[in-house]
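Visitor: turn this into a structure:
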Amino acid sequence: ESQVWISKLWWHRWLNVVNPGPIDLTGFTCHHGKVHIPTSDEAKLKSIPVTVWDTLLAKYKGGAQIGTLGECEECVAEREEMNRRRRCEQKMVHESDKTYIEPGQAWFIVDKQWLQSWLAFVNEDLHRPPPGPISNDRLLGQDGAPIEGLERGLNYRGVNLEVWNIFHRIYGGGPAIVRSRLDIYSPACPVPRSALGTVQVMQ
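Guide: Next comes the predicted model:
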């Protein structure tokens with residue numbers, strides 16, 4: 001007899017309570033409305049004869065039948081595209097990043113919290129979404145000047161013009177905080193004409 005798949009959680013509820021409620025397949029469909037079951041989730045399902053399924057569905061109602069295991073093709077394509085994006089961003093930044101700048105060049109200060117979100121996106125968590133727009137607002141007061149008590153490495157990092165433009169082209173945000181020295185409290189310096197984004201205003 002043909003087999004279909006049902007949530008083990010709901011099945012155990014059906015075995016142990018009088019009214020388990022509608023058959024719940026939450027977590028086994030995707031935002032496309034299709035069945036989406038990664039290999040890691042297969043252990044959460046139990047196979048039952050289709051006749052048993054029909055009986056349960058008629059009595060308790062609930063979700064659509066899961067006849068086969070597998071992932072939504074659209075979700076797989078989206079994941080592969082996101083992974084390509086991760087690799088591309090990581091490669092571009094790695095090739096442009098430097099621990100120094102040449103005379104006449106400038107540092108672009110970036111909130112470390114935002115940088116950590118970006119690093120987690122490209123390096124660590126395959127389910128983590130992109131970090132969103134660059135947010136340096138946490139570093140600045142209402143007058144546009146840096147707030148007190150910020151420490152390099154703890155609260156902010158510096159990137160060169162090329163890396164800043166890569167980040168801003170992809171994510172937008174800002175504002176650009178530009179310094180000739182890697183010190184947010186040092187005087188603002190002239191902004192390279194090729195820099196993207198709005199610039200910190202010192203009042």
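
Visitor: for the nearest residue to Ile177 once chain neighbours are set aside, which three-state class applies?
Guide: Closest residue to Ile177 apart from its sequence neighbours, by C-beta to C-beta, 6 or more residues apart in numbering: Ile109 at 3.9 Å. All C-beta spots, glycine's among them, are computed from the backbone N, C-alpha and C. What DSSP: H, G, I helix; E, B strand; the rest coil gives for Ile109 is strand.

Visitor: Ile109: what's it in contact with?
Guide: Under the criterion of C-beta atoms under 8 Å, 6 or more residues apart in numbering, the contact partners of Ile109 comprise Asn136, Leu139, Tyr156, Arg157, Gly158, Ile177, Val178, Arg179, Ile184.

Visitor: which of the residues you listed sits closest to Tyr100?
Guide: In terms of C-beta to C-beta, no member of the contacts of Ile109 lies closer to Tyr100 than Gly158, at 10.1 Å.

Visitor: domain-wise, how is the chain divided?
Guide: Each domain of the chain is listed here as a residue range: 3-60, 84-179, per automatic domain parsing.

Visitor: tell me the secondary structure at the residue nearest to the spatial centre of the chain.
Guide: The centroid of the chain falls nearest to Pro129 when counting by C-alpha atoms, centre = their mean (1.3 Å). Reducing the assignment at Pro129 to three states with three-state DSSP gives coil.

Visitor: could you find the closest non-adjacent residue to it?
Guide: Leaving aside its chain neighbours, Pro129 sits nearest to Phe121 (7.1 Å; criterion: C-beta to C-beta, 6+ apart).

Visitor: in this structure, where is pLDDT below threshold?
Guide: 125, 198-203 (pLDDT under 70).

Visitor: residue boundaries of the helices in it?
Guide: For the chain, the helices defined by DSSP state H cover 8-16, 50-60, 73-96, 112-119, 161-171.

Visitor: thinking again about what came up before, closest one of the contacts of Ile109 to Gln116?
Guide: Of all these, Arg157 has the smallest distance to Gln116: 9.5 Å, by C-beta to C-beta.

Visitor: ok, the closest one touching Val110?
Guide: Yes. In this structure Arg157 lies within contact range of Val110 using C-beta atoms under 8 Å: 5.7 Å.
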